[in-house]
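Visitor: Below are the sequence and a predicted model for it; my questions follow.
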Amino acid sequence: MAPRKRKSVDRRAFLVASASGFAGLHFGMPRRLSASDKEIGGGSTRERGTGGGKAKSVILFFLCGGASHLDTWDLKPEAPAEYRGPFSAVPTSASGIRLCEHLPLLSKQAHHLAVINSVGGTVSTNDHHAGYYYNLTGHQPDSTFQSLGNDRRPTADDWPFMGSVVSQRRPLRLSLPNAITLPHKPSKAPYTRPGQFAARLGVEFDPLYVHGSWDDPLKFQAPSLVLAGDVTAEQLRTRQQLLEKLDGARRGFENYAVQRTWKQHQRRTLDLLLSSAATNVFDVSREPESIRDRYGKSVNATSLLLARRLVEAEIPFVTVFWKENEAIKNQCKSAGGWDTHGNNFQCLKDHLLPSFDQAFSALVEDLDQRGLLEQTLLLVTSEMGRKPKIGDPRSGGAGGAGRDHWTHCLSVLMAGGGIQGGQTYGSSDRLGEYPAEHPLTPADIAKTVYFAAGIHDLAAQDSQGRPYNLLDEGDPITALF
């Protein structure tokens, strides 16, 4: 093959393979399959009797930046002014739940919600990287998070993302993968957040990343579904033609994975490329305009709408990472998300809460009306809460009206998937600084997700065939069911 032609084929094959997750191979490594890979949930009769195992799908809505628990669903109206802030707690459709006044649409859906106000996610760095890792995996971050800070990259030895665990425990699909993440991969390279990959579980269980943008929120693009270079649709009419192109590039990846893993990525890429159903599910413009209007026009809103479409396509785990809006980053002294170091209250009132309220309430309502809520677990969480005492020195102190990082207490919302709605579980202390009643950790939240999905066996084997447990810590919160 001429050098010029070979270079073109290699580039094309790499684009296709990397889009299917192969470019993330340095975040994990192939692992030995075990008998438990065939588990699809169910558990014992006793566990089924307590309400677990009903969630065929999970939607994780992760509020990137660190959402203030004190200004959303754990308000402290009796606390001193320098803690409580200006927002009022208002009644909802559930007598046991009071939410922020700037969540009027979600307040009407509160009878579906379980509000968990006693999660202690303390990490030594009190910062984003470690907070992501703890809340996405259920495992406390190791010492490298403290020594390396934001330079601590994802590694092959990391504990796996809970979505990858669910993905591994469900039967392999013929078209779409078991775990899909949208509308971005936080955060911008090289500061990719650890905890969102399969890592030691095996890169074949990494999520497929689907990209969306603020400029064109109706367009979602899994690069695997986009033909690159001079590849035409006609060339894809036979699997063998594309296999030959991919095989030609395989030798360039031999340092990253064994051939078995490469073949698995080949199959996933081919299935995605050749499946019209896979292409159609990402086309949210097919939704009626009235539905799109109900969710909202932002990329985060349309991401939740796409998440509902993916649930209809029976995807086991869908993650929506809130995508920051750079247009408001200066107003919030942040990247344009929930990391509200300054102007916390105005930013929440004018931007973050209205968008969240409209989109998430629409998702709950939509799933309920379609009869899908009972079989879909919804989880809203973040990498941390915000510091109860108002005023971040980095943003003007008390006059800057911001809230600093606070991993020591955060709140989590759950709905559907067998969860009994209309309840609050646990509580924080009078200032919202630390868990008080029924203290929990992110490990308990992860175990509750597994319980809802009917995953009770967390046994695994490493690449040497040695057994280990994917999550020893924590217990499912069965009282929620």
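Guide: Arrived safely, thanks for sending.
Visitor: Quick one: residues in contact with whichever helix or strand Tyr468 is part of.
Guide: Using DSSP states H and E, Tyr468 falls within strand 467-469. Here strand 467-469 makes contact (C-beta atoms under 8 Å, 6 or more residues apart in numbering) with Leu458, Ala459, Ala460, Gln461, Asp462. (Each C-beta comes from the backbone N, C-alpha and C, glycine too.)
Visitor: Mind giving me the PyMOL command for buried ones among these?
Guide: Selecting only the buried entries of these in PyMOL, with 16 or more other C-beta atoms under 10 Å as the criterion:
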select buried, resi 458+460+461
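Visitor: Could you break this structure into its assigned domains?
Guide: Here the domain assignment for the chain is 1-30+223-281, 51-220+285-480, based on automatic domain parsing.
Visitor: Go through these and pick out the most buried.
Guide: Greatest average neighbour count among those goes to domain 51-220+285-480 (a mean of 21), per mean count of other C-beta atoms under 10 Å.
Visitor: remind me which residues of the chain are low pLDDT?
Guide: Within the chain, the ranges that satisfy pLDDT under 70 run 1-50, 174, 223-278.
Visitor: so where do the strands sit in it?
Guide: For the chain, the strands defined by DSSP state E cover 57-62, 89-91, 98-100, 113-119, 179-182, 208-209, 317-321, 376-381, 385-386, 405-406, 410-415, 423-425, 459-461, 467-469.
Visitor: ok, back up a step: adjacent strands (with direction) for the strand holding Tyr468?
Guide: Strand pairing for strand 467-469, using DSSP bridges, gives strand 459-461 (antiparallel).
Visitor: quick one: the helices in the stretch 151-300 of the chain?
Guide: Taking DSSP state H, counting those that start in this stretch as the test, the helices found in the stretch 151-300 of the chain are 162-169, 239-250, 259-274, 276-281, 289-295, 299-312.
Visitor: Summarise which helices and strands the last one is packed against.
Guide: Judged by 3 or more C-beta pairs under 8 Å, 6 or more residues apart in numbering; DSSP states H and E, helix 299-312 is in contact with strand 57-62, strand 179-182, helix 276-281, helix 289-295, strand 317-321, helix 353-369.
Visitor: The first one now?
Guide: In this structure, helix 162-169 makes packing contacts with strand 57-62, strand 179-182, strand 317-321, helix 442-452, judged by 3+ C-beta pairs under 8 Å, 6+ apart.
Visitor: how far off strand 317-321 does it point, in degrees?
Guide: Interaxial angle, helix 162-169 versus strand 317-321 (axes from the mean of the first three to the mean of the last three C-alpha atoms, to 10 degrees): 160 degrees.
Visitor: which residues sit against helix 162-169?
Guide: 36-37, 39-41, 58, 60, 136-138, 160, 177-179, 181, 196-199, 201-202, 205-207, 316-317, 319, 446, 449-450, 453, 455, 458, 470-471.
Visitor: quick revisit: how far is the strand holding Tyr468 from where the chain is centred?
Guide: When distances are taken as C-alpha atoms, centre = their mean, to the nearest Å, strand 467-469 is centred 25 Å away from the chain's centroid.
Visitor: correct me, but Ile291 touches Leu306?
Guide: No. Applying C-beta atoms under 8 Å as the test, Ile291 and Leu306 come out as separate, 11.8 Å apart.
Visitor: In this protein, which residue is most central in space?
Guide: In the chain, the centroid-proximal residue (C-alpha atoms, centre = their mean) is Thr319; its distance is 3.4 Å.
Visitor: hang on, isn't that one packed against Pro207?
Guide: Yes. Under the criterion of C-beta under 8 Å, Thr319 makes contact with Pro207 at 6.5 Å.
Visitor: overlap in contacts of those two?
Guide: Joint contacts of Thr319 and Pro207 (C-beta under 8 Å, 6+ apart) are Gly163, Ala179, Ile180, Thr181, Gln196.
Visitor: Show me which pair in those residues is furthest apart.
Guide: With distances taken as C-beta to C-beta, the most widely separated pair in those is Ile180 and Gln196, at 12.2 Å.
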